[in-house]
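Asks: Okay, here's the prediction I keep looking at, along with the sequence it came from:
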Amino acid sequence: MKQDKRMQWALGLLLACSGSYAMANGLRNPPAGAEALGRAGGNIAQVDDASAVEHNPANMTEIKEAQVMGAATIINTSTEFKSPMGTAKTEDPWKILPSIFAVLPSSNHNFTAGLGISTPFGQSTVWDKTGAFRYAAPYSAELTVINVNPSIATKLGDKVSVAAGLDVYLSRLDIKQVLPWSLMTRGALPDGTAHLQGDGAGVGGNAAITVHPTKAQSLALTYRSPVKVDYSGDSEFSGAQLLGLPSSGSFDTSMEFPSIVGLGYGIELTDTVRVEADVEWIEFSRYESLSLDAGAGNPLVNSPMSPNPRAPLVIPQRWKDTWTFGLGADWKATEALTLRAGYIFLQSPVPQETLAPTLPDADQHVFSLGAGLHRGQNRLDVAYGYSVIGDRTVSNNQNPAYNGTYETTSHLMSVSYGRSF
């Protein structure tokens, strides 16, 4: 019985660590659209393409013709972990985040409707199976979030535009973890794999206002509400049947994406040069803990050490609220060509005590460049961003196996095409 208890508790700890991925990208995905990435820190007050649906829907009133835009953001991120206990490296560094936006002004331009489909949260982390985290963390953790975002905007006089919309999150969480049966039972058994997968949905709202104090100035305030997603799916444990344990079951968890408040101020310095400064507050403190449930009484995930062994595991996270600060600018070099540059500072919400390999997060400085070619009804934009990410040294984690230094590099690229009708 004691051996079973030790095995159950060890498995519970292993799988609980995977929950740290539930808020996958504490700093969110990069901004959708190449114009937005090119002006990395200035995407609230002066956004003027169809991606305004996501960045500031109040600015949709400035779009006078129907417009559609498709974009793809390409991310290359890799992390190396070093500690006295061993090393590890991530694999599969390339990720693609697609998005599409459409804006349709009414015939009298009193109202403008918009629809966005984007991926505001969610990336994946894949570690090599032979590294230091083989038995300590999931080797694959992927969170996918698709936001279906209908919005409507209108003008209140000549200087004020307002907007409101819905955020419908469709999400999937997929986690894979090596299970060291031989280490837990002290018998000659091959390793198994735990596979947890769940789908969920949640609904929130957003609102925005843009004010033009003068013809050359723009002041904008945006808000997105928190969105709670309840995940439900299946769990599978290969090799568990050899020990007389459940090899499959249900899987349930939930997460609450943060509320976000953004403030942007933009000014046209000349007829061809614009500059914008943005600040955002992100309420990550809502992510206080994570509950994992793999079915009533499942000894592989439910904690046998709790007063109620049928209760789900509750894992402390204790994330903190964060701020972002950024600048963006563009220069209309010719009638057809616009050049862009941007900078943004991103705080990490993850404290040292609860940082996990599934999100080896750290403060970031992102520098970006971009260009846009606009001819007639068509526009093509490209952008590149480089993230300067400080090494994250962890020494007092709740899981000692995660103590060490995480070195991360990240490159961002984006291309978008839009057409007006």
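Replies: Done, it's in.

Asks: Name all residues that make contact with W281.
Replies: Going by Cβ atoms under 8 Å, 6 or more residues apart in numbering, W281 touches 260-262, 321-323. From N, CA and C alone the C-beta is placed, and that goes for glycine too.

Asks: and with 7 Å instead?
Replies: 261, 321, 323 (Cβ atoms under 7 Å, 6 or more residues apart in numbering).

Asks: Buried residues in the helix or strand hosting it, which are they?
Replies: W281 is part of strand 273-282, with elements assigned from DSSP states H and E. Neighbour-count burial for strand 273-282, counted by 16 or more other Cβ atoms under 10 Å, picks out 274-278, 280, 282.

Asks: In these, find the pair that's most separated.
Replies: The two members of the buried residues of strand 273-282 with the most space between them (Cβ to Cβ) are R274 and I282, at 25.4 Å.

Asks: can the contacts of W281 go into JSON lines with extra columns for secondary structure, distance to S99 and pLDDT?
Replies: Output for those, formatted as JSON lines (DSSP: H, G, I helix; E, B strand; the rest coil; distance: Cβ to Cβ, whole Å; pLDDT from 0 to 100):
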{"residue": "V261", "secondary structure": "strand", "distance to S99": "22", "pLDDT": "98"}
{"residue": "D321", "secondary structure": "coil", "distance to S99": "26", "pLDDT": "94"}
{"residue": "W323", "secondary structure": "strand", "distance to S99": "25", "pLDDT": "94"}
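
Asks: and the residue nearest the centre of the chain, helix, strand or coil?
Replies: Centroid-nearest residue in the chain, with Cα atoms, centre = their mean: F121, separated by 2.6 Å. Following DSSP: H, G, I helix; E, B strand; the rest coil, F121 is assigned to coil.

Asks: so where's the stretch 251-400 of the chain shaky on pLDDT?
Replies: 294-312 (pLDDT under 70).

Asks: ok, which stretches of it are strands?
Replies: 260-268, 273-282, 289-292, 313-316, 322-332, 337-346, 364-375, 378-389, 392-394 (DSSP state E, counting those that start in this stretch).

Asks: Could I get the contacting residues of the nearest residue to T354 once chain neighbours are set aside?
Replies: Once flanking residues are discounted, T354 sits nearest to Q317: 5.1 Å by Cβ to Cβ, 6 or more residues apart in numbering. Q317 is in contact with 287-290, 354, counting by Cβ under 7 Å, 6+ apart.

Asks: how about JSON lines for the residues you listed, with neighbour count and distance to S232 added?
Replies: Converted to JSON lines, the contacts of Q317 look like this (neighbours: other Cβ atoms under 10 Å; distance: Cβ to Cβ, whole Å):
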{"residue": "Y287", "neighbour count": "22", "distance to S232": "19"}
{"residue": "E288", "neighbour count": "12", "distance to S232": "21"}
{"residue": "S289", "neighbour count": "13", "distance to S232": "19"}
{"residue": "L290", "neighbour count": "22", "distance to S232": "15"}
{"residue": "T354", "neighbour count": "21", "distance to S232": "25"}
